[in-house]
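Chemist: predicted model follows, preceded by the sequence.
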Amino acid sequence: MAEMEHELDLLVVGAGPTGLFAAYYAGFRGMSVALVDALPEPGGQVTAMYPEKMIFDVAGFPAVRGRDLVASLVEQAEQYGPLFLLGRPAVSLSDVDDGLLVDVGEGDRVRARAVLITAGIGEFSPRPLPAGDEWAGRGLVHFIPELSAHDGHDVVVVGGGDSAFDWALALHPVARSVTLVHRRTRFRAHAGLVSKVEELGVPLVVPAEVSEIRGDERGLSEVEIDVEGDRRVLPAQTVVAALGFTADLGPIEGWGLALEKRSILVDTTMRTNRPRVYAAGDVAAYPGKVKLIATGFGEAATAVNNIAVELNPDAHLFPGHSTNLT
Ligand SMILES: Cc1cc2nc3c(=O)[nH]c(=O)nc-3n(C[C@H](O)[C@H](O)[C@H](O)COP(=O)(O)OP(=O)(O)OC[C@H]3O[C@@H](n4cnc5c(N)ncnc54)[C@H](O)[C@@H]3O)c2cc1C
């Protein structure tokens, strides 16, 4: 495929809650914007780790399910038609005339007048399932963007933490069967969550390890597990390897930014030490920082309004009230 170069006012690196809200805000301020994320789905930590959990501390929502919050953020951002580049890591950052050039993999680049890094805790890599990671994308998944894709499936969930039990709970109403397999007899998951899954009658097979995944070109069809030396075969069209994620700022650490531990130092305008490069959300550090969704939203607005002035010195820092749009 031909390599592409996109040219925009603002590139947002990371489509988690902070990046999504920043994309909305940049559109509201009249900027053209692209969002790049290494994950194939937007929503950052919320989508990857707790889409089914209720969140109670997002302003205006007494309770909101993770996936619903992400869907609303996407809908809000889409009003201004941002370009989504998903499943693409931002690899390098270099200065060019009047802006910055970011390599987003596969030879594609984004030329932007400013860059806002909302990379959270970095790129996630799921911990692999040793006995079958070659089935990834063919029935083996590490997280589930759309529950209905597993409608009527026999599902084997592997893991013993909160996410494994969250997936078992979420899949139970749609799947034909759900079985949870864990290599230890004790679970790291919250006891209340374990009880809920037990009450649903989901078999918890412990101590057991997946020894082989089998199937054909259409996808996987069964999972062989080793239960203390006994081999058992479970039918499965989906295996959820909920073994956790490792997160790493990766290439961003080499972008010449002032860092503190694994975060990017910013001033009160969210500006980093590199011209026209800003940071917000979990990845941004300053004294007194609190890493929460609510904080990221405020920082996104601060960053984008300051970027608006940096790109157009005649613009006002205060954006006006969104209520004036109607
Ligand atoms: C289990 C759990 C429960 C939580 N519960 C709550 C809660 O109740 N309330 C609350 O306020 N917060 C909660 N949090 C924290 C909250 O999820 C984070 O504060 C929030 O997700 C931060 O959003 P963000 O957009 O800044 O970063 P993230 O959500 O981390 O998103 C960053 C995105 O950047 C992408 N990225 C990173 N590096 C690159 C790169 N080089 N190129 C392309 N993309 C890249 C990542 O793939 C990711 O999608 C919880 C977190 C966890 C793990």
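Modeler: Sure thing, it's come through.

Chemist: so where does residue 231 fall, helix or strand?
Modeler: Under the criterion of DSSP states H and E, residue 231 resides in strand 230-235.

Chemist: just checking, residue 303 touches residue 270?
Modeler: Yes - the criterion here is Cβ atoms under 8 Å, and residue 303 meets it with residue 270 at 3.6 Å. Yep, even glycine has a C-beta here, placed from its N, CA and C like the rest.

Chemist: which residues does residue 245 contact?
Modeler: Contacts for residue 245 (Cβ atoms under 8 Å, 6 or more residues apart in numbering) come out as 48-49, 124-127, 142.

Chemist: what residue ranges in the protein score low on pLDDT?
Modeler: 1-2, 326 (pLDDT under 70).

Chemist: would you list every one of the helices in it?
Modeler: Here the chain has its helices, by DSSP state H, at 17-28, 44-49, 66-78, 162-171, 191-199, 293-311.

Chemist: how about the residues of the chain near the ligand?
Modeler: Selection of the chain residues close to the ligand by Cβ under 6 Å from any ligand atom yields 13-19, 36-39, 44-46, 49-50, 55, 57, 89-90, 118-124, 250-252, 281-282, 291-294, 296.

Chemist: what bridges to residue 285?
Modeler: Beta-bridge partners of residue 285, counted by DSSP bridges, are residue 265.

Chemist: ok, how many other residues are close to the nearest residue to residue 43 once chain neighbours are set aside?
Modeler: Leaving aside its chain neighbours, residue 43 sits nearest to residue 70 (3.6 Å; criterion: Cβ to Cβ, 6 or more residues apart in numbering). Per other Cβ atoms under 10 Å, the neighbour tally for residue 70 reads 23.

Chemist: pretty sure residue 70 sits against residue 18.
Modeler: No - with contact defined as Cβ under 8 Å, residue 70 and residue 18 do not form a contacting pair (12.0 Å).

Chemist: related to what we said a few turns ago, residues contacting the residue nearest to residue 43?
Modeler: Neighbours of residue 70 in contact, by Cβ under 8 Å, 6+ apart: 17, 20, 42-43, 46-47, 51.

Chemist: can you lay out these as JSON lines showing neighbour count?
Modeler: Shown next, in JSON lines, are the contacts of residue 70 (neighbours: other Cβ atoms under 10 Å):
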{"residue": "17", "neighbour count": "30"}
{"residue": "20", "neighbour count": "33"}
{"residue": "42", "neighbour count": "24"}
{"residue": "43", "neighbour count": "26"}
{"residue": "46", "neighbour count": "22"}
{"residue": "47", "neighbour count": "24"}
{"residue": "51", "neighbour count": "25"}
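
Chemist: the closest residue to residue 234 other than its chain neighbours: how many residues sit nearby?
Modeler: Excluding the flanking residues, the one nearest residue 234 by Cβ to Cβ, 6+ apart is residue 223, at 4.9 Å. When neighbours are counted by other Cβ under 10 Å, residue 223 registers 29.

Chemist: what bridges to residue 223?
Modeler: Those that pair with residue 223 in a beta bridge, by DSSP bridges, are residue 213, residue 234.

Chemist: state the distance from it to residue 207.
Modeler: Counting by Cβ to Cβ, to the nearest Å, the separation of residue 223 from residue 207 is 16 Å.

Chemist: what does residue 286 give?
Modeler: Relative to residue 207, and taking Cβ to Cβ, residue 286 is found at 45 Å.

Chemist: ok, now residue 93?
Modeler: 46 Å.

Chemist: quick check: the two most widely separated of the contacts of residue 70?
Modeler: Using Cβ to Cβ, the contacts of residue 70 span at most 14.1 Å, a distance reached by 20 and 51.

Chemist: nearest residue to the middle of this protein?
Modeler: residue 44 (2.0 Å; Cα atoms, centre = their mean).

Chemist: list the contacts for it?
Modeler: Here residue 44 is in contact with 14-19, 37, 120 (Cβ under 8 Å, 6+ apart).

Chemist: same thing but 6 Å
Modeler: By Cβ atoms under 6 Å, 6 or more residues apart in numbering, the contact set of residue 44 is 16, 120.

Chemist: how about residue 140?
Modeler: Neighbouring residues of residue 140 by Cβ under 6 Å, 6+ apart: 132, 239.
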